[in-house]
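Participant: Give the three-dimensional model of this entry:
(4 chains)
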2 protein chains.
Amino acid sequence: MNEQTAPGRVGDVRRRNLSLVLDSIARTGEGKPSRAQLAAGTGLTKAAVSSLVADLVESGLVSEVGLYRDGERGRPGQGLELSARRGVVGMEINVDYLAVGLVDLGGNLRFHSTVESRNRGLAPEKVMERLGGLADEAIAAAAAADISILGGGLAVPGLVDEQRNLVLSAPNLHWEHEALNPQDLLEGAPLGVRLSNEANSAALGELWYGAGRPDFLYVSGEVGVGGGVIIGSELYTGPGGSAGELGHIVVHPDGPACSCGGAGCLETFAGQEAIFEAAGIPEGSLGGRTELLLAALVAREPRATRAVHDAGRYLGVALASSARLMDIEAVVLGGHFAVLAEWLRPALLSSLERYAPGLLDPGNLTVSALEHSGTLLGAAGQVIRSVIESPFEFLLASKLA
Amino acid sequence: MNEQTAPGRVGDVRRRNLSLVLDSIARTGEGKPSRAQLAAGTGLTKAAVSSLVADLVESGLVSEVGLYRDGERGRPGQGLELSARRGVVGMEINVDYLAVGLVDLGGNLRFHSTVESRNRGLAPEKVMERLGGLADEAIAAAAAADISILGGGLAVPGLVDEQRNLVLSAPNLHWEHEALNPQDLLEGAPLGVRLSNEANSAALGELWYGAGRPDFLYVSGEVGVGGGVIIGSELYTGPGGSAGELGHIVVHPDGPACSCGGAGCLETFAGQEAIFEAAGIPEGSLGGRTELLLAALVAREPRATRAVHDAGRYLGVALASSARLMDIEAVVLGGHFAVLAEWLRPALLSSLERYAPGLLDPGNLTVSALEHSGTLLGAAGQVIRSVIESPFEFLLASKLA
DNA sequence: CCAATTAGTTTTCAATCTGAACTATATGGT
DNA sequence: ACCATATAGTTCAGATTGAAAACTAATTGG
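Facilitator: Reported below is the predicted structural model:
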C-alpha cells in the first residue's frame, strides 16, 4: 500500500507555503505579481507572504523588479518574478543530433545550439564527449549573460534509471544498460544533472511551456514512436517507468512482427522507417528522406500519400484505444508527426471517428507548439520544477553556502 | 494548470497527522497497535500520538481493545483498532441482481444480502424502491449488532456524476441521464451515500481488501467489459471520469461494429453476449447460460472452447496494449472472467506473450480474491477511506453533535 | 520487593500562521 | 499645497501544534 510514512511537522507548513508562493509567481508569467496580489491569490495573509517572499528573495530565486502601478490610487507594489539570473541547462542526445539550451527560471530559452551527430551505435563516452563541448558553449553563454547555472537536464531516447544515471535501453542508439555520468557535463552545478526520457521531457515541455493542459497525451514521432502521459499536470511513468510506449500498442492482431518482439505494433505502421519504406523513399540521411517524403506528398504521389494515410489511420486506432483506457481528452503531436500533420491529420481524425466516435474533440488534437526546443525545455524544466516544488531544500543549501 | 491553491495553515499539520495515525491503525489490520508502536511506525513522538489518539477515541472512530502483551517486560500497551461499532452500507445495482452489505470500519463484512432482480429497462425509481427494502435489512442488522451507520456507497454499472447523484449513462440498464436519490436509502447517516461505478468500486475493493497492489488494472467481465485503473494506490478516473473502459479498446481494426458506435472493440469479442453467442449458448437467464457454458467447457465442446479461447486471445491484445501505454504490471480478473479463468487463462497468456513478450509476469495475472463482495466492499470502502483520509472534518462534525 | 523495562503523560519550547494595528507611498480633489 | 483615500507592506501579540525531555504508570524477573 501507500507509504506516506512522513509525519507532519510544524515546519512543513512553511515548506508548503514557500512552494505555493513560488509557484504562484511562476504561473503569473509576465504578470510579475506584488506581495499583496500573491496574498489574495494564495489565500495567505500579507504578513505570511512578506515573510515567505523575504526568504525567496534572499536565496536569489526571486527578484524584485521595480514598482508596479495600476493607474489606481494607493501605494504601488513591488513586482516579483523568478530570477532571470538563475538558469538550468537543457541537453538532448538523439539519434541524429545533439542539442543544448540555457533556460532561465522563468522558462525563457536564453541560448540554444544544435549540431548534427550520427549517434547510432556510437559509444556513450564518445557521445558524452561531444555533448560536453556543446555544454561548454551554454556555460559560456551563461557567464556572458551573468546567469548562474543551478543544474541541468539531459534527455535521451530510451528508458532511463534516473537515480543511478543509467540508460537501461535505447534501442535506436543501440545502447543497452549504459552508465552515463551527466554530472560531469556541468561541474559545480548545485542541483546536478537529471537524466530523463526524451518523449517524457517533450511532454513536460508542452505542459509547462507549450500547449499545456492538466491531462493530455504527447505523441513523439522520432525514429521510434514514443509518448508521454500527463495526468493531473504530472508525468505518469508507471511503476516500472516505461509508461507511454504508444509505439507498441497493438493496432492489428495479424500485423507484422515488431522489433520489440511483439506483433502488429503501431510502430510497424507509423514509425519513421515504416513510413519511408511504405512510401518508397530510398535509404539515406534522415533529413534527406524527410524532404523527399514531403516533396512526394506535395506532388500527391499515391504511394507516399497512402503511406502517410495508413500511418494516420493506425495512429487513430492507437489513440482511440488510449482514449478509452485513460479517458484522454487531448493529444499533442510532436516530432515527425508534427512535420507530417497536414497530411496525417485527416486520416487520423476519420480513424478516430470510426473507432471511438465523439470521444476526442478534433480541436483537442493539436501539434506541438514548441517544435525542436520542447525536449530541451522539458529536460531543463524538470530541474526548475523541482526547485519550485521544494524551495525549502534549496534555501537550506544556499544558506549553508 | 494545477490548482493547489490551498495555503498551508498551522492546523493542517494536525489534519495530516490525524489521518496518518488513523491510516496506520487501519493498515496494521489484526495487529491492534499501541500508541508506542504507532509512534515508532509513523515517526511522530509518543506525546503527539497520545494527543492524536485521544481525539480519535473521543470521536468514536478508534477503540481501545484491552491490554496488549508481548511476553516481554515493561508496561503493556493499550491495543487500538478502528471501531467495530461504526459501519458503512455498501450497495450494488447490477443488471440481474441487487445487493447490500454492512461493512465495519475495519473492513469486515458484517452482513450481506443479495436478491435476483431483472433491472434492465426498469425505471430507476422502481429499482431504488427495491433496493430500499434491502437497505432496511442492513439497517436492522446494524441495529442488532449495535453498529452505528456513518454512510453508504452505491455502485451502478455505468458512468456516474458523483457530485450530482446522476447516472449519466448505464447502457446495460438502458438508463440515460437518470437522477438517483441515494441519500434516501439511509436517512440520517452523517456521511450520506456516495454513488460510484461498479467496475471502479470492485477495483477499489481489491485494492483495500483483496489482491491489493499500488498499481494494477482490474478487469470486470460483467454484461459489459469494464475496468478500473489503480495508480499509486488511487483510482484513476481521468478528466472526464470514464477511464478504464477496457471493453472498447480496439483489438481488431477490421472487427465488427460495436454498440458504442466504434468497431473492433474488445467487448465484441469478449463480452458476455459475444461469448455466449460464439459458443452457441441459446438465449435465457444469465445464470442458466453461464451454467450451460461451463458444462460445455467441461465437456470440451469445440465451439465453446473456441469462443472462450478467442475471448482470451483478444483480452490479451487489450492487456498488451494497456500494459504498453500505462506500464501496467499486474492485472486482476473479476466477474465473468473470474468464473471462466480456468479456460481463459491459457489463451490470454499466450496472447500476451505474442503481443507484449516478457512485459507482464503471469504470476501477476490473478483472479479476484473477493468474488461477489468485491463491489460492495469497494463501494462502502470509499466512504471509509474518506474518513481515514480526512478524519478532522469528521471530528468536527461529531463534536458539534 | 526492587531493578529494569516499556507505555503513556506532562511540561517547556520553537516554529509558524492569523489578525489587527501600524507605517509607507501613491492619487485625486479642493 | 494639502489632505482624504486607497493600497502595499511590516510589526507584534496570540493561537496551534509537534519535538524533546522529564516524569508517572504498569509490568516482569530475579
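Participant: what lines up beside the strand or helix carrying A:Ser113 in the sheet?
Facilitator: Take DSSP states H and E as the rule and A:Ser113 turns out to sit in strand A:109-116. Here strand A:109-116 has these sheet partners by DSSP bridges: strand A:97-104 (antiparallel).
Participant: CA atoms only for the partner strand - export them in PDB, please.
Facilitator: As requested, the backbone C-alpha atoms of strand A:97-104 are provided in PDB (Å, rounded to 0.1, in the frame of the first residue of the first chain):
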ATOM      1  CA  TYR A  97      21.800  15.300 -33.400                       C
ATOM      2  CA  LEU A  98      22.900  16.700 -30.100                       C
ATOM      3  CA  ALA A  99      21.400  19.900 -28.600                       C
ATOM      4  CA  VAL A 100      21.800  22.100 -25.600                       C
ATOM      5  CA  GLY A 101      19.800  25.100 -24.400                       C
ATOM      6  CA  LEU A 102      20.000  27.500 -21.500                       C
ATOM      7  CA  VAL A 103      16.700  28.100 -19.800                       C
ATOM      8  CA  ASP A 104      16.200  30.700 -17.000                       C
END
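Participant: ok, the residue in the stretch 251-400 of chain A positioned nearest to chain B - contacts?
Facilitator: Closest residue of the stretch 251-400 of chain A to chain B, Cβ to the nearest Cβ: A:Asp327 (2.5 Å). From N, CA and C alone the C-beta is placed, and that goes for glycine too. The neighbourhood of A:Asp327, defined by Cβ atoms under 8 Å, 6 or more residues apart in numbering or on different chains, consists of B:237-245.
Participant: Swap in 10 Å and give it another go.
Facilitator: Going by Cβ atoms under 10 Å, 6 or more residues apart in numbering or on different chains, A:Asp327 touches A:215, A:231, A:359, B:229, B:236-245.
Participant: separation between it and B:Val308?
Facilitator: Computed as Cβ to Cβ, to the nearest Å, the A:Asp327 to B:Val308 distance reads 29 Å.
Participant: The residue in the stretch 301-401 of chain A that DNA strand D sits nearest to: what's its closest spatial neighbour, skipping adjacent residues?
Facilitator: Closest residue of the stretch 301-401 of chain A to DNA strand D, Cβ to the nearest atom of the strand: A:Phe392 (15.9 Å). Nearest-residue entry for A:Phe392: A:Arg15, 4.3 Å, with adjacent residues in sequence omitted and distances by Cβ to Cβ, 6 or more residues apart in numbering or on different chains.
Participant: Please apply the same query to A:Gly60.
Facilitator: Nearest to A:Gly60 is A:Ser83, by Cβ to Cβ, 6+ apart, at 5.8 Å.
Participant: Also A:Leu102?
Facilitator: A:Phe111 (4.0 Å).
Participant: wait, what's in contact with the one you found?
Facilitator: So A:Phe111 contacts A:87, A:89, A:100-104, A:137-142, A:144-145, A:147 (Cβ under 10 Å, 6+ apart).
Participant: Now do the strands in the stretch 201-350 of chain A.
Facilitator: A:216-221, A:225-231, A:234-236, A:331-335 (DSSP state E, counting those that start in this stretch).
Participant: Serialize the ones you listed to JSON lines and add fields for distance to chain B and mean pLDDT.
Facilitator: Shown next, in JSON lines, are the strands of the stretch 201-350 of chain A (distance: least, Cβ to the nearest Cβ, whole Å; pLDDT from 0 to 100):
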{"stretch": "strand A:216-221", "distance to chain B": "9", "mean pLDDT": "95"}
{"stretch": "strand A:225-231", "distance to chain B": "7", "mean pLDDT": "95"}
{"stretch": "strand A:234-236", "distance to chain B": "7", "mean pLDDT": "96"}
{"stretch": "strand A:331-335", "distance to chain B": "13", "mean pLDDT": "95"}
